[in-house]
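Engineer: sequence and predicted structure below; questions after.
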Amino acid sequence: MLVAAAVCPCPPLLVPQVAAGAAAELDAARDACADALGVLAAARPDLLVVLGPAGPEGEGPYPQGARGSFAGFGVDLEVSLGAAPAGDAAGGGGTAAGDAPERVLPPSLAVASWLLDRTGWAYAPVAGLGVGEESAAARCAEEGRRLAGRADRVALLVMGDGSACRTLKAPGYLDERAEGFDADAARALGAADTAALLATDEELARALKVSGRAPWQVLAGAADGAGLGGQLLYEDAPYGVGYFVAAWS
């Protein structure tokens with residue numbers, strides 16, 4: 001059963017080493033993420049599932065200790081999804097002869113791993129899930145219900161951004177629909193409104209380059225019937241991209 005959830009944005013710029021001289025611009029977002037993770041810890045979960053946009057070929061499960069890197073963003077920094085399992089000195093599961101090569105965490109889960117390490121997560125085992133950004137709402141909701149049934153007390157760390165079309169310099173250029181979309185998303189996330197999240201217009205989300213739509217709908221499925229309340233801790237659109245932090249408990 002889902003007992004708590006934290007929603008956080010997933011830009012690599014959230015990691016100060018990646019942001020470099022602009023790191024201070026997202027200090028408020030980092031602090032809000034830390035507060036949201038504190039809600040997860042206070043819920044005393046038996047399992048924390050970290051999920052976010054999969055990116056190319058990243059869909060599917062990732063085990064505790066899976067490795068990620070920010071080398072693709074020009075920074076020599078590696079992270080792991082929670083502590084490596086006992087007996088795994090390599091910190092990533094390693095590979096034995098004949099095993100499939102270890103999959104590297106998608107950027108969203110790498111950012112989540114950095115957040116967990118920053119806050120010293122040691123409260124429950126961790127599992128990861130890359131969510132296909134084209135996944136339909138019904139599939140997302142079903143995946144959420146499956147996740148909620150994985151343990152008696154499940155917590156979710158849900159990574160994803162809003163629209164990328166809030167300004168002329170945004171990654172998706174300016175789209176007049178973006179501000180309204182983000183306002184609706186912020187309201188739904190802050191109110192733990194699962195029905196509103198599941199009703200999100202998938203075509204519009206795709207047009208506005210919203211990476212969080214599918215992960216948020218997985219959260220909505222997991223929270224169905226859990227009776228959780230929500231609180232919006234942060235809302236802004238630096239760099240023309242909608243970023244939200246929310247805590248459900």
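Structural biologist: Sure thing, it's come through. Everything numeric here is computed off the predicted structure, so don't read it as measured data.
Engineer: the closest residue to residue 47 other than its chain neighbours: which element?
Structural biologist: Taking C-beta to C-beta, 6 or more residues apart in numbering, and ignoring the residues beside it in sequence, residue 47 has residue 151 as its nearest neighbour in space, at 4.1 Å. Where C-beta positions appear, they are placed from N, C-alpha and C, glycine not excepted. With elements taken from DSSP states H and E, nothing contains residue 151; it lies in neither a helix nor a strand.
Engineer: who are the contact partners of residue 151?
Structural biologist: With C-beta atoms under 8 Å, 6 or more residues apart in numbering as the criterion, the residues that contact residue 151 are 45-47.
Engineer: next up, phi/psi of it, please.
Structural biologist: phi -160, psi 170 (degrees, to the nearest 10).
Engineer: what's the closest non-adjacent residue to residue 216?
Structural biologist: Leaving aside its chain neighbours, residue 216 sits nearest to residue 197 (5.0 Å; criterion: C-beta to C-beta, 6+ apart).
Engineer: which parts of this structure are strands?
Structural biologist: Taking DSSP state E as the criterion, the chain contains strands spanning 2-8, 47-53, 60-62, 67-69, 78-80, 126-131, 154-159, 230-236, 243-248.
Engineer: redo those as JSON lines? Include mean neighbour count.
Structural biologist: Supplementary listing: the strands of the chain in JSON lines, determined by neighbours: other C-beta atoms under 10 Å:
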{"stretch": "strand 2-8", "mean neighbour count": "28"}
{"stretch": "strand 47-53", "mean neighbour count": "27"}
{"stretch": "strand 60-62", "mean neighbour count": "17"}
{"stretch": "strand 67-69", "mean neighbour count": "20"}
{"stretch": "strand 78-80", "mean neighbour count": "21"}
{"stretch": "strand 126-131", "mean neighbour count": "25"}
{"stretch": "strand 154-159", "mean neighbour count": "28"}
{"stretch": "strand 230-236", "mean neighbour count": "20"}
{"stretch": "strand 243-248", "mean neighbour count": "27"}
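Engineer: of the ones you listed, which approaches residue 16 most closely?
Structural biologist: With C-beta to C-beta as the measure, strand 78-80 is the member of these nearest residue 16 (13.2 Å).
Engineer: which residues touch that closest one?
Structural biologist: Where contact means C-beta under 8 Å, 6+ apart, the residues beyond strand 78-80 that reach it are 65-70, 91-92, 105, 110, 113-114, 117.
Engineer: quick one: the residue nearest the centre of the chain from residue 7, how far?
Structural biologist: The geometric centre of the chain, computed from its C-alpha atoms, lies nearest to residue 159 (C-alpha atoms, centre = their mean), at 1.3 Å. Here the distance between residue 159 and residue 7 works out to 8 Å (C-beta to C-beta, to the nearest Å).
Engineer: need the residues touching each of these two.
Structural biologist: Where contact means C-beta under 8 Å, 6+ apart, the residues bridging residue 159 and residue 7 through contact with each are residue 212.
Engineer: okay, buried residues for stretch 191-210 please.
Structural biologist: Burial within stretch 191-210, assessed by neighbour count using 16 or more other C-beta atoms under 10 Å, is assigned to 191-194, 196-198, 200, 202, 204-205, 207-210.
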